[in-house]
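1. just the structure for this:
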Amino acid sequence: MKKIKLLFFLTAGFTINTFAQATATSTVTATIIAPIAIANALDMNFGNVAVQAGTASTAGTVIIAPAGTRTRTAGVTLPSTTGTFTAASFTIGGASEYTYVITIPSTGYIITKATTLETMTVSTFTSSPSSTGTLTGGSETLNIGATLNVDAGQVPGVYTNATGFDVTVNYN
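-> Numbers count the residues shown, from 1 in each chain. This next block holds a predicted model:
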């Protein structure tokens with residue numbers, strides 16, 4: 001009889017509690033939006049630029065604003081027959097009303113006169129919109145301006161960078 005009581009006492013000390021359970025379910029959804037896209041609509045062109053006479057030791061700049069206006073600093077002139085000058089222009093496309101981040105060059109690009117390998121630097125890139133844009137109706141125009149750095153006594157000719165410069169856009 002003593003053995004049975006001891007077994008009952010040990011079993012009562014190890015009881016297992018059970019609880020009621022509840023389960024809920026959640027659905028999973030994902031929406032794929034149109035990928036963001038960028039296309040070159042217009043190349044940048046600084047137009048005709050002249051080194052100022054009598055200032056062979058003075059460098060200068062030509063600035064194209066994103067709005068397409070052009071200004072100069074000492075050392076260069078903008079002849080009355082200016083040629084065509086334009087800011088670069090890109091068409092951005094994607095999901096309507098989404099915002100995106102713009103990355104423009106942060107360093108200068110070299111443009112070269114092919115026949116003599118003379119060079120100039122294009123730097124200080126700016127954009128409109130400036131750092132982010134919104135795809136109103138699924139598209140937006142992005143304009144890029146920059147500064148052309150002209151050396152004193154720059155050799156006449158057509159200067160270009162056949163590889164161009166990169167502009168990157170990404171959804172926020």
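2. residue boundaries of the helices in the protein?
-> Ranges of helices within the chain are 2-12, based on DSSP state H.
3. pLDDT weak spots in it?
-> 1-18, 53-56, 82 (pLDDT under 70).
4. centroid residue for it?
-> Nearest to the geometric centre of the chain sits Thr103, at 2.0 Å (Cα atoms, centre = their mean).
5. residues contacting the closest residue to that residue other than its chain neighbours?
-> Nearest residue to Thr103, sequence neighbours excluded (Cβ to Cβ, 6 or more residues apart in numbering): Thr168, at 4.2 Å. For glycine as for every other residue, the C-beta is placed from the backbone atoms N, C-alpha and C. Applying Cβ atoms under 8 Å, 6 or more residues apart in numbering to Thr168 gives the contacts Ile38, Ile102, Thr103.
6. Ile36 now?
-> In this structure, Ile36 makes contact with Ile92, Gly93, Gly94, Ala95, Tyr98, Tyr100, Leu135, Val169, Asn170, Tyr171, judged by Cβ under 8 Å, 6+ apart.
7. swap in 7 Å and give it another go.
-> By Cβ atoms under 7 Å, 6 or more residues apart in numbering, the contact set of Ile36 is Ile92, Gly94, Tyr100, Val169, Asn170, Tyr171.
8. from memory Thr61 sits against Asn149, does it?
-> Yes - Thr61 is within contact range of Asn149, at 5.6 Å (criterion: Cβ atoms under 7 Å).
9. out of the contacts of Thr168, who's nearest Thr141?
-> Lowest distance from Thr141 to these (Cβ to Cβ) belongs to Ile38, with 10.9 Å.
10. look up how far Ala65 lies from the closest one.
-> Separation of Ile38 from Ala65 (Cβ to Cβ, to the nearest Å): 20 Å.
11. in terms of neighbours, single out the busier of the two.
-> Ile38 (17 against 14; other Cβ atoms under 10 Å).
12. who's the more buried one bridged to?
-> In this entry, Ile38 is beta-bridged to Ile92, by DSSP bridges.
13. again with Thr71
-> Ile63.
14. what about it, how many neighbours?
-> There are 11 residues near Thr71, going by other Cβ under 10 Å.
15. including neighbour count, could the contacts of Ile36 go into JSON lines?
-> Formatted as JSON lines, the contacts of Ile36 follow (neighbours: other Cβ atoms under 10 Å):
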{"residue": "Ile92", "neighbour count": "21"}
{"residue": "Gly94", "neighbour count": "20"}
{"residue": "Tyr100", "neighbour count": "21"}
{"residue": "Val169", "neighbour count": "20"}
{"residue": "Asn170", "neighbour count": "9"}
{"residue": "Tyr171", "neighbour count": "13"}
